[in-house]
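A.B. asks: Predicted model and sequence follow; I will ask about them next.
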Amino acid sequence: MQYSDFPSIGRQISKLGFGLMRLPKAKEGEETIDRDEAFRLIDLAVKSGVNYFDTAYVYHGGDSEAFAKEALSRYPRESYCLATKLPGWVIKEKNATPEQLFNEQLEKCGVDYFDFYLLHSVNRDIWKVFDSANAYEYLKEQKKAGKIKHLGFSFHGDLEFFIELLDKYEWDFAQLQINYYDWEADNAKSYYKALEDRNIPCIIMEPVRGGSLHTLNDEAKAVFAELGDASAASYAMRFNLELHGVLTILSGMSTYEQVEDNLKTFAECKPLSDKEKDAIEKANILFRKNFAVPCTDCKYCVETCPAGVNIPACFKAYNEYNKTREKVDFNKEYDLIPEEMRAHNCIECGACSEKCPQKINIPKMLKKPAGLSKGE
Ligand code: SF4
Ligand code: SF4
């Protein structure tokens, strides 16, 4: 395992961070975690040197923090770093205070302090909620009291506002969505540079874009296959491993094989050859051609929907269709969604789009799978 070593952080952090957002599930379609299998994944990661674990109040419908306690309390507290996040939309919806949620999180995670604590999924609107709840000031106090070691935020807003936040407040780190697809397409490179210019450590999230840079499409996959038998995900990880100033790269691993594959990539840490860089560029172009909906399966929208639509599952089916333009590939995924959770149930209230970090116009895009299922 490779480690980052920032003087401002004061300890070595494994370059591979374990995101506790896409753990194996006890039952398909539900968010409860399959404890036994998930423990196996965590134990393999710990044994191989991973020491950074990232959860959040909302992951796995609230089960992720409870799982973090069960999984990590089997290890000495000082042997791992635990990160969690304060969700502005929960403050708003529950009319809760940052203090209430923070104390609930300490209790749920079974810890006295968080190594890393983030304001979650910040953009201009969410910041207004944090601002009126004095969240930043409250968290600074917790840092002074030793309950937070490092304070930062994850960001999904516009660049101008990102820079404004960096310059107005004191941050120990920031978390950004960086991968070879978003580097140009979503201007991730400018956000990264803003951190680099200020010497603020960067944590990378979505390095394989919710798995889509692993599954890709046949044409893009063929580009990597020509280079050998390394996984498509390993190229996406290595693209990010080339970046300086990165504290850790979070991977939301769901299977034992994914953990093994990542461990191999992060143990070798091989710099990309020119040929491999060209292949990434080529695969990116081929993949973008028919990547219809940039959904990362984060599920932030799911609980909002009054109609109970399984939004990410509908988009997954539609993205599968776009890879081949074969209706059978759409049906394979869409048939798994219960009738009452399919796209046609959307009443276009728009509540979900406010939550979407990828800024997808969800009701508009849902019309695509809804139409396809009716043969339009
Ligand atoms: S716009 Fe449609 S999918 Fe989105 S929350 Fe409203 S009903 Fe659900
Ligand atoms: S539609 Fe947006 S909020 Fe919903 S799962 Fe996809 S990326 Fe996340």
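C.D. replies: That came in fine, so what should we check first? Ligands and ions are numbered 1, 2, ... in the order given.
A.B. asks: what number of residues lie near residue 75?
C.D. replies: 14 (other Cβ atoms under 10 Å). Backbone N, C-alpha and C define where each C-beta goes, glycine included.
A.B. asks: How many neighbouring residues does residue 260 have?
C.D. replies: Counted with other Cβ under 10 Å, residues neighbouring residue 260 total 15.
A.B. asks: Next one, pLDDT for the closest residue to it other than its chain neighbours please.
C.D. replies: Ranked by Cβ to Cβ, 6 or more residues apart in numbering and with sequence neighbours excluded, the top spatial neighbour of residue 260 is residue 44, at 7.3 Å. Residue 44 carries a pLDDT value of 98.
A.B. asks: I'd like the average pLDDT over the helix or strand hosting residue 84.
C.D. replies: Residue 84 is part of strand 81-87 when elements are defined by DSSP states H and E. Average pLDDT, strand 81-87: 97.
A.B. asks: Give me the contact list for the helix or strand residue 213 falls within.
C.D. replies: Using DSSP H and E, residue 213 sits in helix 212-215. Contacts with helix 212-215, where a contact means Cβ atoms under 8 Å, 6 or more residues apart in numbering, come from 179-181, 207-208, 231-233, 236, 287, 291, 296, 319.
A.B. asks: just checking, next helix/strand downstream of that helix?
C.D. replies: Counting by DSSP H and E, what follows helix 212-215 is helix 218-225.
A.B. asks: what's the burial count for the closest residue to residue 117 other than its chain neighbours?
C.D. replies: Once flanking residues are discounted, residue 117 sits nearest to residue 148: 4.3 Å by Cβ to Cβ, 6+ apart. Here the number of neighbours of residue 148 (other Cβ under 10 Å) works out to 21.
A.B. asks: for residue 180, same thing?
C.D. replies: Residue 180, neighbours per other Cβ under 10 Å, totals 23.
A.B. asks: Now it: phi and psi?
C.D. replies: phi -70, psi -20 (degrees, to the nearest 10).
A.B. asks: Pull up the pairing partners for the strand holding residue 84, direction included.
C.D. replies: strand 52-54 (parallel), strand 114-122 (parallel) (DSSP bridges).
A.B. asks: Going by neighbour count, which residues of the helix ranked longest in the chain are buried?
C.D. replies: Longest helix in the chain by number of residues (criterion: DSSP state H): helix 274-289. Buried residues in helix 274-289, counted by 16 or more other Cβ atoms under 10 Å: 276, 277, 279, 280, 282, 283, 284, 286, 287.
A.B. asks: Among those, which one sits closest to residue 21?
C.D. replies: residue 287 (22.5 Å; Cβ to Cβ).
A.B. asks: and the gap between that closest one and residue 120?
C.D. replies: Note on residue 287: its distance to residue 120, by Cβ to Cβ, to the nearest Å, is 28 Å.
A.B. asks: Now the longest helix of the chain: average pLDDT?
C.D. replies: 94.
A.B. asks: Likewise for stretch 139-149?
C.D. replies: Mean predicted lDDT for stretch 139-149 stands at 98.
A.B. asks: so how far is the first residue of that stretch from its last?
C.D. replies: 11 Å (Cα to Cα, to the nearest Å).
A.B. asks: what does that stretch rub up against?
C.D. replies: Taking Cβ under 8 Å, 6+ apart as the rule, stretch 139-149 contacts 86, 98, 102, 106, 112-117, 119, 151, 170.
A.B. asks: Would you indicate which residues of stretch 45-64 are buried?
C.D. replies: 45-46, 48-60, 63-64.
A.B. asks: Would you point out which residue of the stretch 101-250 of the chain is nearest ligand 1?
C.D. replies: Residue of the stretch 101-250 of the chain nearest ligand 1, by Cβ to the nearest ligand atom: residue 125 (16.3 Å).
A.B. asks: What number of residues are in the vicinity of the residue nearest to that residue when sequence neighbours are not counted?
C.D. replies: Counting by Cβ to Cβ, 6+ apart, residue 354 is the residue found nearest to residue 125 once chain neighbours are left out, at 7.2 Å. Close neighbours of residue 354, defined as other Cβ under 10 Å, add up to 14.
A.B. asks: In which helix or strand does residue 354 reside?
C.D. replies: Assigned by DSSP H and E, residue 354 falls in helix 351-355.
A.B. asks: Now do the helix or strand that residue 236 is a member of and helix 274-289, the angle between them.
C.D. replies: Per DSSP H and E: residue 236 is located in helix 232-241. Angle, helix 232-241 to helix 274-289, by axes from the mean of the first three to the mean of the last three Cα atoms, to 10 degrees: 110 degrees.
A.B. asks: List the buried residues in helix 232-241.
C.D. replies: So for helix 232-241, counting by 16+ other Cβ under 10 Å, buried means 232, 233, 234, 235, 236, 237, 238, 239, 240, 241.
A.B. asks: if you average pLDDT over the helix or strand following it, what comes out?
C.D. replies: Downstream of helix 232-241, the next assigned helix or strand under DSSP H and E is strand 246-251. In this model, strand 246-251 has an average pLDDT of 98.
A.B. asks: Mind listing the strands strand 246-251 pairs with, and their directions?
C.D. replies: Partners of strand 246-251, by DSSP bridges, with direction: strand 16-19 (parallel), strand 202-205 (parallel).
A.B. asks: most tightly surrounded among those strands?
C.D. replies: strand 16-19 (a mean of 27; mean count of other Cβ atoms under 10 Å).
A.B. asks: Off-centre distance for the helix holding residue 213?
C.D. replies: Relative to the centre of its chain, helix 212-215 is centred 14 Å away, using Cα atoms, centre = their mean, to the nearest Å.
A.B. asks: Same question for stretch 46-57.
C.D. replies: Taking mean C-alpha positions (Cα atoms, centre = their mean), stretch 46-57 and its chain are 14 Å apart.
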